[in-house]
Every structure is written in structure tokens, then in C-alpha cells.
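Peer 1: Structure of the sequence below:
(2 chains)
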Amino acid sequence: MTEARSMLAAVADIIAAEFGCAADDITRETTAMDVDGWDSASHVILVLEIEQQLGLTFPDDRVGDLRDVGDMVDILDDLTNRAAGA
Amino acid sequence: MSDKPVIVLYGNCHVGFARNVLARLDALSDSYEIWWVRNFAVNNSLKSGFDLDKLRNCEFFIQQGGHWDTDSFTGWAALKDLLPANCRIIRAPPLFLNTLWPFMIEDPRNRPDDLNPEGAYPSALANRAILKLMRDETDPEQVFARYRDKDITDLVNIDRLHSINMAQLHAMDDDADIALAPFIEQNFAKQRLFLSHLHPTGVLCAEIARQIVAALGLVDANDPQLQETLNEVEAVHGVGGFDAPIHPGIVEHFGLEWARDLRYRYYDEGYFDHDEFLKRYIRFKSVPEYFAAKALINSANWAQAEKYLRVSIGKSPRSARFHGCLGETLFKLGRLEEAEKTYSMAVAYDKDDDKGGFYIGLARAQLPMDSASALQSIDAALELQPDNLEARELRLKICVTLGETSAIVSAESDAARARDIAHWPPFLEKTGAIHGRYWLPEGGSGF
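Peer 2: As a prediction, the model looks like this:
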């Protein structure tokens, strides 16, 4: 739970920096529709920023299928756990 | 009120452009009303003349967007219940290419206002790498030097960005009935498909229109009028008031032969190479007085407009469009000799942007003083824009003034032909193309 929260916090910070919103307002349920400026084009830059800052790479087939922040966090957690287990 | 069935294209400027292509096809426009409804300005559309009742007679609804585009979703929710049960919905994907512009961001210095709703440097022109350098360095020359000294691959993983971009485009294709990601993927390095990450060139606009026409299934793919129209679209520069500069490292990385030595349009101020453009951006250089002048011209306040235009030209002395606007203003003020000189400068400074238009202005100013020169100017305009109705009508007027019967007969015939094709909606309309805030102006012809 603590780890999940910290991944959410990390993602929230990146989203906040990218779109100029408050990190505290970002929850697992937040979607692109909730954040001004987060559209299909800026999503690409956001994904790259997250990857660069967290040192992880989303699977290509999930990039366009991220419905909310929780989706992102779950994939990133999964990637982190796999990296830790490897 | 027409009782023709309706085709609605609901989306951004990409489908707005396609709407104007469809409207040129007799096979469609004879049988259908064809409308573009902006998916990001539903409330504006209500104010601007689109009667939502038309949706009840809608046979084809081209829906661009999907779950990604916030206002699209909101607008869609408001519209979908109005569509009849037999309306065919064709979904089209939104399009963009971040690959060539990896640094887009909102620049905190940007201040949109009523005169310039995008602001001087909207996110498509802003650069996060430069803003980062500006945190530690205040000298614009140093910021520029440091930016250009860096290897592009140290600033961004371009290949990964491209992979993410294409993955996103393919995913949106999967949600749609039209697939454009393969065309973009196969062609972006070979041809110029975008002027900035959201704004397509004529080449891509033609492909979008081609696929929408195919999806409608109402016009044969080999229809000569369709082919001719698409060829004409391909030659159009593209959508929007500016071109975003492409970093030379990215030009090299992807081998973009078409992008070498490009000059990029910055609104009406002119064309600049990559480095000039970036230096101006670092200084946040723009000419707000020009936007004020344009507003004054729109309200026919010519005397005030002249003042603002002279300030604008003082700041950007080689802007063809600034000179063109001043030429028009001086003409309206009845100062023909000054107008002639000013239009001549617009023609001289123009980089094939609107040279035909400036020649027309020049001919208008010359006509009362020197009809022979006016004829030369209008012929120069017609060489660039042979179907321009205003130019054909003016040529006829000049020929009448000169009094040569055979020339008058020929000019009359040419003007009549131009009148025949003048009902075609333009692919791009100047009013909406610059700032995108106008929705379906006169005639409902869209962008």
C-alpha cells in the first residue's frame, strides 16, 4: 500500500508539473478529462516524461489504453516489481 | 430551409478541412448539406448558426475524437441523442505527431488575450528544454548557444518518443473506422505531413479527406472531380497560423530531406529559419500591435489601424503581411501613391505566401493613376492565382479602362469562368485558420 501510494505520488508530481495542476488533486481515478491540457497528443509527452523520470518503459500496447492514473500506477508498479524480481 | 439530408463532420480543424473538400464534390453537395461542427466548441457552434435540429436529418455523422478529447466527449454527449436511429456514425481518429517536436509545453510567459487567443507562443511553439536552460541563464544569446551545443539525443530519447507516438496513434485507429497511423508512420520522414504537432499539411489533409470519402461510400475513388480536388488539397501549405521549427538534430536523426533549410512561418510576421525562430522565442519576440491593427481594420477604423501598423512595421520591417495590411489601409484612406509603394514592398518581401493578394492590392491602388501598370500587376497576380475572382473582375475593369475591345471580351469570358467556380468553399478560410476561434463563418464553409 505504501509503495502503491508512493508510485501514485510520483506520477501525480509528474502530471502536476506537466499540466500545471495540483498534485494533491491527482488520484487513481483521475482521467485525462479531469486535467486541463491532457489530451491524446500531450499524453505522449507525459508518458515519455514518466518513463524518463522513473526509469521505466510502458509496454507499447498499453500506451494508448491507459484509462486513468490508477491504470498507469498499476503498470508502473508491475514493471518495478518485475525489475526487482529479476 | 433545405430538406436535403445532412452529413456532419464533428471534430477539429482536420475534419473542418475535409468538410470543405467534400463540399466541392458535386456527387455529395448536390444531394447533401455538409456541415463541420467543432468538437471543442459546442457552445460556440450554437451561437454561430448551426441549427442542432439539422442533426435529426443527419445520414452520416463523422465523429473524430473518442475518449481522449475532453470537450469532444462532452459535446458528443450533448449531440448523440439528436441523431436519428438510421444515422451512420463513422469514427475518425484525432491526429498528431510529437516525434518532430519533443519539447512542447505551456510557457508561463504566454498570455493569450482577445486579440490573440493563442498568445504569442502557444504550447506548440514553446520549448521545455529552453525554459529549463533559462532558469539558470538570463542572457538570451547564451541560452540559445547552450541549447544548440547540446546533442538532441542528450535532451530526449527521440526513438522512444516516436514509438510512444505511434503506439498512441495505432491505439486510436483501433477505436475508429478510419486508420491513419499507417500512412503517418510510412510517410512522415519522406514528406511534410505536419506543420506543428497538431496541424496537418495539405498532403495529410488530402489523405484524411480521401479516407472519409471512401468510408462514406458515396463517391467512386476514381471520380475525376475527387482526384482533381485531392491534388489541389495536397498543394495547400496546411492548417494554422504558424509552423513549428524542427530541431536540426531531429532532421538529421530521421533523415528529413524535405526539412533541410526550411523557413518557418510565425503568424503574419514572416518566415524564419530554425535558429532565428528559436532566438525570437527565447526573447518572446512578437508584435502585439499588429493584432490590435487587425482588429481596427475589421472595424474599418483605418486611421487608428495605420498608427498600429506603422509601429508593427517598425518592429518587424520585412514582414510582407504587415506591409500588405498597411497598403490596404492606405488605399482605404485614399492615399493611393503611398498604398502603391507599400504594396510594392509587400510583394518584394513576400516568400510566396500571399504574393498574388499583394499584387491585387497593388493593381487596385495603381488603377486610378496608371492603368497600364495596374494591368501588369494584375497579370502577375493571375499568374499565381489564375482562378481568383477578385483578380479576374479587376482585370476586366482595367481592360475596360484601357478600352481595347478584344481584351475586354477576353477578360469578360475569363471573369465569367471565375464566377462559375467562385461558389466553391475555400479549403482554408483566413478568418478561422489563424486563430481557430471562428466557427462556421459566412456560408457555413468552416475553417
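
Peer 1: and the residue of chain A found nearest chain B, how many neighbours does it have?
Peer 2: Among residues of chain A, the one nearest chain B by CB to the nearest CB turns out to be A:Gly64. It sits 2.2 Å away. Every residue, glycine included, has its C-beta placed from N, CA and C. Burial measure for A:Gly64: 23 neighbouring residues, criterion other CB atoms under 10 Å in any protein chain shown.

Peer 1: Work out for me the element the residue nearest to it when sequence neighbours are not counted sits within.
Peer 2: Here the nearest residue to A:Gly64 in space, its sequence neighbours aside, is B:Ala171; by CB to CB, 6 or more residues apart in numbering or on different chains that works out to 2.2 Å. Using DSSP states H and E, the secondary-structure element containing B:Ala171 is helix B:158-174.

Peer 1: do the same with B:Leu262
Peer 2: Taking DSSP H and E as the definition, one finds B:Leu262 inside no helix or strand.

Peer 1: what's around it, how many residues?
Peer 2: 15.

Peer 1: The residue in chain B that chain A sits nearest to: what's it in contact with?
Peer 2: Of all residues in chain B, the one sitting closest to chain A is B:Ala171 (2.2 Å; CB to the nearest CB). Under the criterion of CB atoms under 8 Å, 6 or more residues apart in numbering or on different chains, the neighbours of B:Ala171 are A:Val63, A:Gly64, A:Asp65.

Peer 1: Could you tell me how many residues sit around the last one?
Peer 2: As a burial measure, A:Asp65 scores 15 neighbours (other CB under 10 Å).

Peer 1: Could you list every helix and strand that the worst-scoring helix or strand of chain A on mean pLDDT packs against?
Peer 2: Across the helices and strands of chain A, the lowest-confidence element by mean pLDDT, DSSP states H and E is helix A:2-19, at a mean of 85. With contacts taken as 3 or more CB pairs under 8 Å, 6 or more residues apart in numbering or on different chains; DSSP states H and E, helix A:2-19 sits against helix A:40-54, helix A:69-85.

Peer 1: buried residues in the longest one?
Peer 2: By neighbour count, and taking 16 or more other CB atoms under 10 Å in any protein chain shown as the criterion, the buried residues in helix A:69-85 are A:Val69, A:Gly70, A:Met72, A:Val73, A:Ile75, A:Leu76, A:Asp77, A:Leu79.

Peer 1: I'd like the mean pLDDT over it, please.
Peer 2: Per-region confidence: helix A:69-85 scores 90 on mean pLDDT.

Peer 1: Same question for stretch B:201-210.
Peer 2: Regarding stretch B:201-210, the rounded mean pLDDT is 94.

Peer 1: Do any residues in it lie close to chain A?
Peer 2: No: contact between stretch B:201-210 and chain A, assessed by CB under 8 Å from any CB of the partner chain, is absent, since the two come no nearer than 14.5 Å.

Peer 1: Next, give phi and psi for B:Thr201.
Peer 2: Geometry field for B:Thr201 lists phi and psi as phi -80, psi 180, criterion degrees, to the nearest 10.

Peer 1: just checking, it touches B:Asn187?
Peer 2: No: between B:Thr201 and B:Asn187 no contact is recorded; they are 10.7 Å apart, counting by CB atoms under 8 Å.

Peer 1: quick one: common contacting residues for the two?
Peer 2: With contacts taken as CB under 8 Å, 6+ apart, B:Thr201 and B:Asn187 have B:Leu193 as neighbours in common.

Peer 1: Who has more neighbours out of the two?
Peer 2: Here B:Thr201 and B:Asn187 are set side by side on neighbour count (other CB under 10 Å), and the busier one is B:Thr201, at 21 against 14.

Peer 1: ok, that one to B:Val236 distance?
Peer 2: Here the distance between B:Thr201 and B:Val236 works out to 8 Å (CB to CB, to the nearest Å).

Peer 1: returning to that earlier point: next, the buried residues of the helix holding B:Ala171.
Peer 2: For helix B:158-174, burial by neighbour count (16+ other CB under 10 Å) applies to B:158, B:161-173.

Peer 1: next one: stretch B:389-403
Peer 2: For stretch B:389-403, using 16+ other CB under 10 Å, the buried residues are B:Leu389, B:Glu390, B:Ala391, B:Arg392, B:Glu393, B:Leu394, B:Arg395, B:Leu396, B:Lys397, B:Ile398, B:Cys399.

Peer 1: Stretch B:189-207: end-to-end distance?
Peer 2: 16 Å (CA to CA, to the nearest Å).

Peer 1: Buried residues, it. List them.
Peer 2: In terms of neighbour count (16+ other CB under 10 Å), stretch B:189-207 has its buried residues at B:189, B:192-207.

Peer 1: Relative to the whole chain's centre, how far out is that stretch?
Peer 2: Computed by CA atoms, centre = their mean, to the nearest Å, the separation of stretch B:189-207 from the middle of its chain amounts to 12 Å.

Peer 1: got the contacts of B:Ala171 as CSV, with secondary structure columns?
Peer 2: Listed next are the contacts of B:Ala171 as CSV, based on DSSP: H, G, I helix; E, B strand; the rest coil:
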residue, secondary structure
A:Val63, helix
A:Gly64, coil
A:Asp65, coil
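
Peer 1: Relative to B:Ile378, which of these is nearest.
Peer 2: Using CB to CB, A:Gly64 is the member of the contacts of B:Ala171 that sits closest to B:Ile378, with 52.4 Å.
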